[in-house]
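A.B. asks: Whatever this is, show me its structure:
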Amino acid sequence: MKKLKFLFVMLIGILLVPCTVFAKDNKPVNVYFFYGNGCSYCAAAEEFFDSIEDELGNQFNLVMYETWYDTDNVDLMNEVADIRKEEPQGVPYIIIGNQSWEGYMSSYDDEIMDKIKSEYKKDVDNRYDVMSYVESVNGKKEENYAADIAVVIAIILVVAGIGFGIWYARGKANEK
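C.D. replies: Down below sits the predicted model:
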């Protein structure tokens, strides 16, 4: 009887695994920041992002691309702009979700913060991320199979638990 109780507890534990594996935690929003080394507007924008780190640091991830000395980053900025049907005339060029800012003025601060907050509130799967599209266009998009693997493992464990329970129950029935 103790083994049957143990088996029941193990089966319940196995069934709870998917609940913990698939609990959604909100990931930070990617803020794409194309800048030029030595650009005063870019430096002011970077200072702004540094200043909101305490308040919103867990809600955004600043991804920086230097464009004045890195031609690959210039190409990336132009590709992103083409996808967004924009023609940035310079830097900084800031993209959060489906919104962008060209240049920087402190009057953008509240708007940028509001956009970070609103994107962060969205389910990760429902966020627009232009870089995901850029990567898939270039054939570089990496699929995340971790969730699929976790599901397969959970199913195997559940089936194994049920199979063991049936085997154990039949063994007890045959003893009588």
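A.B. asks: which residues of the chain fall in strands?
C.D. replies: Assigned strands in the chain, in chain order: 29-35, 60-66, 93-96, 99-102 (criterion: DSSP state E).
A.B. asks: Format these as CSV; extra columns: mean pLDDT, distance to residue 111 and mean neighbour count.
C.D. replies: In short, each C-beta sits where N, CA and C put it, glycine included. CSV is the format used below for the strands of the chain (pLDDT from 0 to 100; distance: least, CB to CB, whole Å; neighbours: other CB atoms under 10 Å):
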stretch, mean pLDDT, distance to residue 111, mean neighbour count
strand 29-35, 97, 13, 22
strand 60-66, 97, 14, 16
strand 93-96, 98, 10, 26
strand 99-102, 97, 8, 17
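A.B. asks: ok, and the closest non-adjacent residue to the residue positioned nearest the centre of the chain?
C.D. replies: Among the residues of the chain, residue 27 comes closest to the average C-alpha position under CA atoms, centre = their mean, at 5.0 Å. Nearest in space to residue 27, with sequence neighbours left out and distances taken as CB to CB, 6 or more residues apart in numbering, is residue 124 at 5.4 Å.
A.B. asks: does that neighbour really touch residue 26, like I thought?
C.D. replies: Yes: using CB atoms under 8 Å as the test, residue 124 is close enough to residue 26 to be in contact (6.7 Å).
A.B. asks: Quick check: residue 40 vs residue 31, distance?
C.D. replies: According to CB to CB, to the nearest Å, residue 40 and residue 31 sit 20 Å apart.
A.B. asks: Can you pull out the low-pLDDT segments for the chain?
C.D. replies: Scanning the chain for pLDDT under 70 picks out 1-25, 135-148, 172-173, 176.
A.B. asks: Break it into its domains for me.
C.D. replies: Structural domains of the chain, as assigned by automatic domain parsing, span the residue ranges 2-24+145-175, 29-122.
A.B. asks: Perfect, I'm done here.
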